[in-house]
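Enquirer: Compute the structure for the input listed below.
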Amino acid sequence: MFVFKTMLPIPSKIKVKILKLYGAKVGYNVLIKPNVNIKYPWFLEIGNDVWIGENVWIDNLAQVTIGNDVCLSQDA
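Expert: Next up is the predicted model:
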């Protein structure tokens, strides 16, 4: 939670590694901006070339798949 739900400039590579540690499947070239809320990382699959903007909330109570070449705009 501290790594994602913060305005501190923590590099996306660290965030991706943490997501993978918690069971998420993450492709390459994924950028996760500050202050992102991901409820259950083990129910998350992210494709390649994905940008997740600031203040995005992924409320994944079940499996959520984000495909390739996707931009989730800020505050979504």
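
Enquirer: Is residue 9 in contact with residue 33, as I believe?
Expert: No - the pair residue 9 / residue 33 is not scored as a contact, 9.5 Å apart, by CB atoms under 8 Å. Backbone N, C-alpha and C define where each C-beta goes, glycine included.

Enquirer: okay, these two: which has more neighbours?
Expert: residue 33 (18 against 7; other CB atoms under 10 Å).

Enquirer: what's the spacing between that one and residue 42?
Expert: Remark: distance between residue 33 and residue 42 (CB to CB, to the nearest Å) = 22 Å.

Enquirer: tell me the SS of the closest residue in space to residue 55 that isn't next to it in sequence?
Expert: Closest residue to residue 55 apart from its sequence neighbours, by CB to CB, 6 or more residues apart in numbering: residue 75 at 4.7 Å. Recorded secondary structure, residue 75: coil (DSSP: H, G, I helix; E, B strand; the rest coil).

Enquirer: What residues does residue 75 make contact with?
Expert: Residues near residue 75 by CB atoms under 8 Å, 6 or more residues apart in numbering: 53-56.

Enquirer: where does it fall, phi/psi-wise?
Expert: Residue 75 adopts backbone torsions of phi 70, psi 20, taken as degrees, to the nearest 10.

Enquirer: which residues in this protein form helices?
Expert: 12-21 (DSSP state H).

Enquirer: for it, what spans make up the strands?
Expert: Assigned by DSSP state E, the chain shows strands spanning 25-26, 30-32, 37-38, 44-46, 50-52, 57-58, 64-66, 71-72.

Enquirer: could you dump the ones you listed to a markdown table with mean pLDDT, mean neighbour count and distance to residue 5?
Expert: Converted to a markdown table, the strands of the chain look like this (pLDDT from 0 to 100; neighbours: other CB atoms under 10 Å; distance: least, CB to CB, whole Å):
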| stretch | mean pLDDT | mean neighbour count | distance to residue 5 |
| --- | --- | --- | --- |
| strand 25-26 | 97 | 16 | 18 |
| strand 30-32 | 96 | 20 | 11 |
| strand 37-38 | 92 | 18 | 5 |
| strand 44-46 | 98 | 19 | 15 |
| strand 50-52 | 97 | 20 | 13 |
| strand 57-58 | 94 | 16 | 10 |
| strand 64-66 | 97 | 15 | 18 |
| strand 71-72 | 97 | 16 | 16 |
